[in-house]
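Novice: sequence and predicted structure, then a few things I'm wondering about:
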Amino acid sequence: MSPSAEAAAPRPKYKRSIKNYLIDSRFQLKYTAMIISVALVISGVMGAFLYRTSSQVTAQSQKVIAQGQKLIKESQTNSDLVKMQIKQEYADAPELADSFNKSAKTLDKELQAKQEGLFEQQAQTIEQQKKMLWSLVAGLVGLVVLIGLLGIYFTHKVAGPIYKMKLLLGQVGAGKLNFQGKLRKGDELQDFFEAFANMAEQLKARQAKEVSELELAIEAATASGASDEAISRIRSVRDEMKAALDK
């Protein structure tokens with residue numbers, strides 16, 4: 001493959017994963033766990049309240065349905081009693097008995113339809129309660145998961161700057177005062193990082209001034225006839241301080 005083809009080859013895409021957001025896993029997971037714990041408590045209280053309310057509504061609906069079924073059974077019992085009386089008292093009037101029986105059959109069908117409707121309503125009520133409970137559980141679980149992910153995301157915006165400043169503090173401690181880089185857009189602690197950068201610039205300026213003073217001291221020592229060993233020591237200190245400015 002030619003060099004031009006290699007240069008034209010697309011760079012692999014950077015894939016962001018959950019590990020990229022866990023810069024300081026101990027810090028982030030600790031506070032995310034605290035947030036999730038609060039969310040679990042709130043979700044548990046809300047879930048218990050909604051479950052209790054749903055159970056009360058369902059129980060009331062079941063009670064109304066049971067009363068309706070009881071009334072239908074009583075109506076069927078009364079209808080059967082009337083049929084028996086008609087059969088006994090109007091045995092010699094078959095036409096009247098047939099007319100009543102037709103009306104009774106129509107009434108029985110209506111009562112049967114109402115009873116089936118109540119059974120269907122009862123089944124629908126139970127099914128709706130199950131669906132609502134599953135939806136409630138799924139919603140609360142989804143809420144807790146979302147809060148956990150948001151907790152990691154937002155703590156990442158704090159942990160990232162803290163991690164970067166730890167590295168920079170280590171560099172300053174090692175004598176490296178010339179560093180580049182800023183926080184990402186959207187990160188927290190921007191003011192704190194700016195104050196830290198200003199402090200490093202002030203240290204750098206002060207050390208540059210001290211290097212200049214050491215150079216003047218070397219010139220003065222050379223002019224006054226100081227020993228080469230003394231001048232060499234001053235130069236060694238100057239070179240070390242100057243090197244720190246160029247790191």
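Specialist: Thanks, I have the structure now. Numbering: from 1, shown residues only.

Novice: any idea how far the single longest helix found in the chain is from the chain center?
Specialist: Across the chain, the longest stretch assigned as helix under DSSP state H is helix 94-173. Centroid separation between helix 94-173 and its chain, computed with Cα atoms, centre = their mean, to the nearest Å, is 20 Å.

Novice: average pLDDT for it?
Specialist: Mean pLDDT, helix 94-173: 77.

Novice: what comes up buried for stretch 39-55?
Specialist: Neighbour counts over stretch 39-55 (16 or more other Cβ atoms under 10 Å) mark 39, 43, 47 as buried. (Each C-beta comes from the backbone N, C-alpha and C, glycine too.)

Novice: put the alpha carbons of that stretch into PDB.
Specialist: What follows is stretch 39-55, C-alpha atoms only, in PDB (Å, rounded to 0.1, in the frame of the first residue of the first chain):
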ATOM      1  CA  ALA A  39     -34.400   7.400  44.500                       C
ATOM      2  CA  LEU A  40     -35.200   3.900  45.800                       C
ATOM      3  CA  VAL A  41     -36.700   5.300  49.000                       C
ATOM      4  CA  ILE A  42     -38.900   7.800  47.100                       C
ATOM      5  CA  SER A  43     -39.800   5.200  44.500                       C
ATOM      6  CA  GLY A  44     -40.700   2.700  47.300                       C
ATOM      7  CA  VAL A  45     -43.000   5.200  49.000                       C
ATOM      8  CA  MET A  46     -44.600   6.300  45.800                       C
ATOM      9  CA  GLY A  47     -45.000   2.600  44.700                       C
ATOM     10  CA  ALA A  48     -46.600   1.600  48.000                       C
ATOM     11  CA  PHE A  49     -49.000   4.600  47.900                       C
ATOM     12  CA  LEU A  50     -50.000   3.900  44.300                       C
ATOM     13  CA  TYR A  51     -50.300   0.100  45.000                       C
ATOM     14  CA  ARG A  52     -52.500   0.800  48.000                       C
ATOM     15  CA  THR A  53     -54.700   3.200  46.000                       C
ATOM     16  CA  SER A  54     -55.000   0.800  43.100                       C
ATOM     17  CA  SER A  55     -55.900  -2.100  45.500                       C
END
